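Peer 1: predicted model follows, preceded by the sequence.
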Amino acid sequence: MEGDKAANGAGAGGVVLLNCFVSPFGNRVKIALARKGVAYEEKPENLAAKSPLLLSSNPVHAKIPVLLVDGKPVCESLVILEFIDDAFAGAGEPLLPADPHARARARFWASYVDAKLPDCARRVWQSPKGAAAAAEGREGMVAALRALEAELGGRRYFGGDALGLVDVALVPFAPWFATYERLAGFSVAAECPALAAWAARCVRENECVAASLPEAESVYQFVCGMRKHLGLD
């Protein structure tokens with residue numbers, strides 16, 4: 001895999017990703033880099049003790065992911081995805097379509113993912129089981145996933161027949177679905193069967209996705225550890 005990624009000439013010393021293995025935001029970047037065939041070095045971050053490199057690279061938010069290209073930082077995952085599409089335009093498949101209207105639509109729905117899912121997710125996994133906040137998070141998440149399922153419609157991917165920006169923005173949340181389900185008592189497949197099938201298709205048909213996402217059980221164990229640390233379990 002690394003050999004394939006190195007084929008476009010981007011050396012691992014020039015591209016560095018600061019990430020945490022369960023982060024859906026950082027794992028978006030991994031998918032995009034893999035899809036473009038860009039070689040990179042991934043540096044794991046301990047979010048309880050952030051590195052000086054992370055703090056100096058993203059002094060405004062001090063958050064992952066950060067992509068360093070020749071030492072220059074790019075922050076915020078959706079911004080990074082578009083940067084990758086532009087900076088490595090001659091490599092791999094584009095994330096955004098050529099048509100301006102289709103590009104705007106993709107940006108809208110990628111932004112919708114970030115406007116809705118992270119807050120709902122936090123309410124679910126950072127609240128005691130049975131708490132009102134967890135129930136609110138579940139309801140908000142189901143509503144957001146249903147809206148995304150409606151936008152997907154009968155297409156294989158959000159942009160049509162190939163993986164695109166919205167797919168890359170959303171699919172890293174799929175390994176978290178089992179955690180949300182176990183904590184909040186619902187089923188993504190029951191509520192949004194077409195979206196669940198889409199998530200499975202993304203992994204099955206795209207090596208860049210399959211190789212970039214953690215196992216669902218690893219996410220759940222990570223969250224259990226965080227909940228114990230927060231005194232929720």
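Peer 2: Great, that's in hand. Residues are numbered from 1 along each chain as shown.

Peer 1: against which helices or strands is the longest helix along the chain packed?
Peer 2: Longest helix in the chain by number of residues, with DSSP state H as the criterion: helix 100-125. Here helix 100-125 touches helix 77-87, helix 132-152, helix 165-170, helix 174-184, helix 216-229, going by 3 or more C-beta pairs under 8 Å, 6 or more residues apart in numbering; DSSP states H and E. For glycine as for every other residue, the C-beta is placed from the backbone atoms N, C-alpha and C.

Peer 1: show me what the helix or strand that residue 209 is a member of is packed up against.
Peer 2: Using DSSP states H and E, residue 209 sits in helix 207-210. In terms of contacts (3+ C-beta pairs under 8 Å, 6+ apart), helix 207-210 is packed against helix 24-36, helix 193-205.

Peer 1: so can I have a markdown table of the helices and strands packed on helix 100-125 showing distance to residue 103?
Peer 2: Supplementary listing: these in a markdown table, determined by distance: least, C-beta to C-beta, whole Å:
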| stretch | distance to residue 103 |
| --- | --- |
| helix 77-87 | 10 |
| helix 132-152 | 15 |
| helix 165-170 | 8 |
| helix 174-184 | 24 |
| helix 216-229 | 31 |
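
Peer 1: distance to residue 104 and mean pLDDT for those - can I get that in a markdown table?
Peer 2: Shown next, in a markdown table, are the helices and strands packed on helix 100-125 (distance: least, C-beta to C-beta, whole Å; pLDDT from 0 to 100):
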| stretch | distance to residue 104 | mean pLDDT |
| --- | --- | --- |
| helix 77-87 | 13 | 98 |
| helix 132-152 | 14 | 97 |
| helix 165-170 | 11 | 98 |
| helix 174-184 | 25 | 96 |
| helix 216-229 | 32 | 96 |
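
Peer 1: so after the helix or strand of the chain with the lowest mean pLDDT, what's the next helix or strand?
Peer 2: Across the helices and strands of the chain, mean confidence by mean pLDDT, DSSP states H and E is lowest for helix 2-5: a mean of 34. Next helix or strand after helix 2-5 toward the C-terminus (DSSP H and E): strand 15-19.

Peer 1: so what strands line up beside that next one?
Peer 2: strand 41-44 (parallel), strand 66-69 (antiparallel) (DSSP bridges).

Peer 1: neighbouring contacts of the last one?
Peer 2: Read that as strand 66-69. 14-18, 29, 54, 57-58, 73-75, 80, 83-84, 87 (C-beta atoms under 8 Å, 6 or more residues apart in numbering).

Peer 1: dump the C-alpha coordinates for that strand into PDB.
Peer 2: This file holds the C-alpha atoms of strand 66-69, laid out as PDB (Å, rounded to 0.1, in the frame of the first residue of the first chain):
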ATOM      1  CA  VAL A  66      -3.700  18.800  10.800                       C
ATOM      2  CA  LEU A  67      -2.000  18.100   7.500                       C
ATOM      3  CA  LEU A  68       1.600  19.300   7.200                       C
ATOM      4  CA  VAL A  69       2.900  19.700   3.600                       C
END
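
Peer 1: heading C-terminal from it, find the next helix or strand.
Peer 2: Reading on from strand 66-69 to the C-terminus, the next helix or strand found by DSSP H and E is strand 72-75.

Peer 1: what comes up buried for stretch 147-163?
Peer 2: Neighbour-count burial for stretch 147-163, with 16 or more other C-beta atoms under 10 Å as criterion, is recorded at 148, 149, 152, 156, 157, 158, 159, 163.
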